[in-house]
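**Student:** pasting the sequence and the predicted coordinates here, then a few questions.
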Amino acid sequence: ICSLAVVVVPILDFLSGKKILSREVIGALFAVVGVGFLELDGLSAGVGVGAESGPLLSTGDLFTLVQPLAFGMGFWRVEHYMRKYPSSANQLTAAQLSAIALSSIACFLYTSGFDGLPDLSQWSQWLHDPTIIGAVCWTGLITTGLTVYMETLALKTLSAAETTMLFSTEPIFGGICASAVLGETFGVGGLVGAALVLSGCLYSNMGITQNKDGDDCKKD
């Protein structure tokens, strides 16, 4: 669902008066439909014989709808500041990670309060568990810190619309990892969705190299 940021950024570009290319709009539509197929395929895979009937979208799914707005706005603003301060990737990354840390702490305190804080014995147990240490390092350093830094660097040369289009491939790689690690399988809907997302990415990025080469020639 968070991949729907691919729609949010073009809307923000349009509202700010920026020209939107037709290939970006068509590519975004392909990606949205593809993500829909992937989501529905995941929902149908989770429904087995004897499963209780319920709403297709859970409360968690509805909360997740906030993500594309936040991600889209984030990419959109980072693009602006990376174009304005192209050598400030480290500072922008630090600012984003600080905001993530502070908001995570605030969310924890709001939902669990100070009573939910671990005691010293729990800290000691966690610090001596290599599985927990490995998971924390991977999540904090690789999938958060390094990812935010690479995204910030990418927005130095790519537009926010192009970045979110590539971001829409996340469910595909998530499905591949789930298949390799957990043994989950793609249904027909998942395969169709993956094909649509990849098609949207390819189509939306057609002509980017030629356009950039043309711009360089004009500068020369």
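**Tutor:** Received, thanks.
**Student:** now residue 92: how far from residue 12?
**Tutor:** Distance, residue 92 to residue 12, using CB to CB, to the nearest Å: 18 Å. Using the backbone N, CA and C atoms, a C-beta is placed for each residue, glycine as well.
**Student:** equivalent analysis for residue 158, please.
**Tutor:** Counting by CB to CB, the gap from residue 158 to residue 12 is 16 Å.
**Student:** with residue 32 instead?
**Tutor:** 16 Å.
**Student:** got a pLDDT number for residue 217?
**Tutor:** Model confidence at residue 217, given as pLDDT, is 47.
**Student:** then residue 136?
**Tutor:** Confidence for residue 136, expressed as pLDDT, is 93.
**Student:** burial count for it?
**Tutor:** 13 (other CB atoms under 10 Å).
**Student:** which stretches of this protein aren't confidently modelled?
**Tutor:** Scanning the chain for pLDDT under 70 picks out the ranges 1-3, 41-58, 61, 205-220.
**Student:** out of residue 92 and residue 12, which sits in the more crowded spot?
**Tutor:** Between residue 92 and residue 12, counted using other CB under 10 Å, the more crowded position is residue 92 (21 against 18).
**Student:** ok, the more buried one touching residue 79?
**Tutor:** No: with contact defined as CB atoms under 8 Å, residue 92 does not reach residue 79; the gap is 10.7 Å.
**Student:** give the contact list for residue 132.
**Tutor:** residue 126 (CB atoms under 8 Å, 6 or more residues apart in numbering).
**Student:** can you give me the helices in this protein?
**Tutor:** 5-15, 22-45, 59-64, 66-84, 89-112, 120-127, 130-137, 147-154, 160-167, 170-182, 188-204, 208-219 (DSSP state H).
**Student:** most packed of those?
**Tutor:** helix 160-167 (a mean of 24; mean count of other CB atoms under 10 Å).
**Student:** contacts for it, please.
**Tutor:** In contact with helix 160-167 (CB under 8 Å, 6+ apart) are residues 3, 5-6, 8-10, 12-13, 20, 24, 27-28, 31, 71-72, 75-76, 78-79, 151, 154-155, 158, 200-201, 204-205, 208.
**Student:** again, but for stretch 187-200
**Tutor:** Contacts of stretch 187-200 (CB under 8 Å, 6+ apart): 3, 6, 26-31, 33-42, 44-45, 165, 168-169, 171-172, 175, 186.
**Student:** only C-alpha atoms, please: export that stretch in PDB.
**Tutor:** Taking C-alpha atoms only, stretch 187-200 is exported to PDB below (Å, rounded to 0.1, in the frame of the first residue of the first chain):
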ATOM      1  CA  GLY A 187      -0.600 -16.400  -7.200                       C
ATOM      2  CA  VAL A 188      -1.800 -15.400 -10.700                       C
ATOM      3  CA  GLY A 189      -2.800 -12.000  -9.400                       C
ATOM      4  CA  GLY A 190       0.700 -11.500  -7.900                       C
ATOM      5  CA  LEU A 191       2.400 -12.300 -11.100                       C
ATOM      6  CA  VAL A 192       0.100 -10.000 -13.100                       C
ATOM      7  CA  GLY A 193       0.700  -7.200 -10.500                       C
ATOM      8  CA  ALA A 194       4.500  -7.700 -10.700                       C
ATOM      9  CA  ALA A 195       4.400  -7.500 -14.500                       C
ATOM     10  CA  LEU A 196       2.300  -4.300 -14.400                       C
ATOM     11  CA  VAL A 197       4.600  -2.600 -11.800                       C
ATOM     12  CA  LEU A 198       7.700  -3.400 -13.800                       C
ATOM     13  CA  SER A 199       6.000  -2.300 -17.000                       C
ATOM     14  CA  GLY A 200       5.000   1.000 -15.400                       C
END
